[in-house]
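Student: Dropping the sequence and predicted coords here.
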Amino acid sequence: MFPGHSFAPLQIRGRQLLPVVQGGMGVGISAHRLAGSVAREGALGTIASIDLRHHHSDLMDMCRADPRHETLARANLVALGREIAAARKLAGGNGMIAVNVMKAVNAHADYVRAACEHGADAIVMGAGLPLDLPDLTAGVDIALVPILSDARGVALVLKKWMKKGRLPDAIVIEHPAYAGGHLGVTDIADMGNERFAFTKIFEELEGVYATLGISRRDVPLVVAGGVNSHEAVRKWLEAGANGVQVGTPFAVTEEGDAHPDFKRVLAEAKPEDIVEFVSVTGLPARAVKTPWLERYLRNESRIRAKIGSLKLACPTGLECLSACGLRDGIEKFGHFCIDTRLAAALRGDVANGLFFRGREALPFGNAIRSVRDLLELLLTGAARPAVARRAAFALA
Ligand SMILES: Cc1cc2nc3c(=O)[nH]c(=O)nc-3n(C[C@H](O)[C@H](O)[C@H](O)COP(=O)(O)O)c2cc1C
């Protein structure tokens, strides 16, 4: 477990955790090794549920032999179960293991049910309003954590959930101007809007809580996006957050589940390499301008004019999204296969992959360090010297 630091613990459903949360990162970027290593230190580690079969060669063989949708969907549920079990083993009863589920994903209800069945401690849901989450988990003792971006979204979820007799066990507030991956804003131009500022949201929530008759202490708030130093952790915890969620800095740790070249692309990206664009989900997203993305963005208007409104067959057969710009011919959305691109990034295919990344510089620059070193730096400000050729972690 992680040694002393001066911050109050983050309390989620009766558990005392380090106030640094590891955000879920798909496809496969945060699987059992990262989530389990984070939990082992006493924090909340998150497995991203989407398309985890890519970490299991037997399941990939099964999908190649029988590429029907049902087989792919089943393989992913088996993979999720295996990843939760392996993360729990690695955590050794410390911290918490959460499963991140995106509402925009077709199989979101199946992923939630599988997470409950396989003993996850929490479900963290974003990329859409998680209004059905209390119903999907009824009768299960599991923490529920929505990801939202402004006070209006928080108010809406609280009102709907309170009618069902449930409060979130924590809420992640993710800032679209800084976070990696899909961003909680409809228009890229709107992402700097003042309503996303954490301090503004804290202020506005005072009024929301008073109207709903609950107290600020009832729902811990965790801020996410661009938290990359001990000073930033201190600033937000002192400003009223109960925890911070960190994504990109965990993706590039030694224990991160992606290929070393994935980590290299993220760690070596310069500010001018990091771009926002419209994803196939219709949401803006932030990523590194690697060769494929550079080419896609150069040709985006031509692609949109040519195939933007054509309905196409799903190239992988996974049908991962409920609404997909490419499959459903939604002109104003993006037009590429996100699953194929994210899976290429996971295996370190720099030419063809889509490499999601947050906007800020990384705590250790371009160095790849351990989860323990990252937590120590964020929580205490102390940077241990890098250990050359550190012994490999024992994996489950
Ligand atoms: C590679 C990558 C993949 C991500 N995938 C997901 C995801 O599947 N679901 C989700 O809710 N958030 C996802 N995120 C967002 C992170 O969980 C986190 O909230 C965000 O990146 C925080 O900002 P930071 O990267 O500046 O720390 C992703 C971020 C990155 C960098």
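Tutor: Good, I have the coordinates.
Student: Sticking with V275, tell me its helix or strand.
Tutor: Taking DSSP states H and E as the criterion, the element that holds V275 is strand 274-278.
Student: which residue does the stretch 251-396 of the chain bring closest to the ligand?
Tutor: Among the residues of the stretch 251-396 of the chain, G358 lies closest to the ligand, at 2.5 Å counting by C-beta to the nearest ligand atom. To be clear about C-beta, it is placed using only N, CA and C from the backbone, and glycine gets the same treatment.
Student: how near is that residue to A344?
Tutor: 20 Å (C-beta to C-beta, to the nearest Å).
Student: Of the two, give the one with the bigger neighbour count.
Tutor: G358 (26 against 22; other C-beta atoms under 10 Å).
Student: Do I have it right that that one meets G226?
Tutor: Yes. With the criterion set as C-beta atoms under 8 Å, G358 and G226 qualify as a contacting pair; they are 6.1 Å apart.
Student: Quick check: neighbours shared by those two?
Tutor: Shared contacts of G358 and G226 (C-beta atoms under 8 Å, 6 or more residues apart in numbering): 178-179.
Student: Show me what from this protein comes close to the ligand.
Tutor: Residues of the chain lying close to the ligand (C-beta under 6 Å from any ligand atom) are 23-26, 29, 48, 50, 100, 102, 126-127, 147, 174, 178-181, 224-227, 245-248, 251, 356-358, 360.
Student: Sort out which of these are in helices and list them.
Tutor: Applying DSSP state H to the residues of the chain next to the ligand, the entries found in helices are 248, 251.
Student: ok, how many other residues are close to A313?
Tutor: Taking other C-beta under 10 Å as the criterion, the count of residues near A313 is 9.
Student: Can you name the residues that contact it?
Tutor: Neighbouring residues of A313 by C-beta under 8 Å, 6+ apart: R327.
Student: That one should be in a helix, yeah?
Tutor: No. When classified by DSSP: H, G, I helix; E, B strand; the rest coil, A313 is found to be coil rather than part of a helix.
Student: How confident was the prediction at it?
Tutor: Listed pLDDT for A313 reads 93.
Student: Tell me, how many residues neighbour G213?
Tutor: Look at G213: counted by other C-beta under 10 Å, it has 8 neighbours.
Student: Tell me how far it lies from R264.
Tutor: Separation of G213 from R264 (C-beta to C-beta) stands at 51 Å.
Student: How about G95?
Tutor: Applying C-beta to C-beta, the value for G95 to R264 is 28 Å.
Student: okay, these two: which has more neighbours?
Tutor: Set side by side, G95 and R264 show more neighbours around G95, with 28 against 16, by other C-beta under 10 Å.
Student: Kindly list the main-chain dihedrals of the closest residue to the ligand within the stretch 1-150 of the chain?
Tutor: Scanning the stretch 1-150 of the chain for proximity to the ligand using C-beta to the nearest ligand atom identifies G23 as nearest, at 2.5 Å. When quoted as degrees, to the nearest 10, the phi and psi of G23 stand at phi -70, psi 150.
Student: That one and G247 touch, don't they?
Tutor: Yes. The pair G23 / G247 is scored as a contact, 3.9 Å apart, by C-beta under 8 Å.
Student: what residues are shared contacts of these two?
Tutor: Listed contacts common to G23 and G247 are A224; contacts here mean C-beta under 8 Å, 6+ apart.
Student: Compare neighbour counts for the two and give me the winner.
Tutor: Using other C-beta under 10 Å as the criterion, G23 and G247 rank with G23 on top: 33 against 26.
Student: quick one: low-confidence ranges for the protein?
Tutor: 1-3, 388-396 (pLDDT under 70).
Student: That one: helices as residue ranges?
Tutor: When secondary structure is read from DSSP H, the chain shows helices at 32-40, 57-65, 69-91, 108-117, 133-136, 151-163, 198-212, 230-238, 248-251, 260-268, 291-307, 325-328, 338-346, 371-380.
Student: D190: which of those is closest?
Tutor: Of all the helices of the chain, it is helix 151-163 that lies closest to D190, at 13.1 Å by C-beta to C-beta.
Student: If you count neighbours, what's buried in that closest one?
Tutor: Buried residues in helix 151-163, counted by 16 or more other C-beta atoms under 10 Å: 151, 153-158, 160-161.
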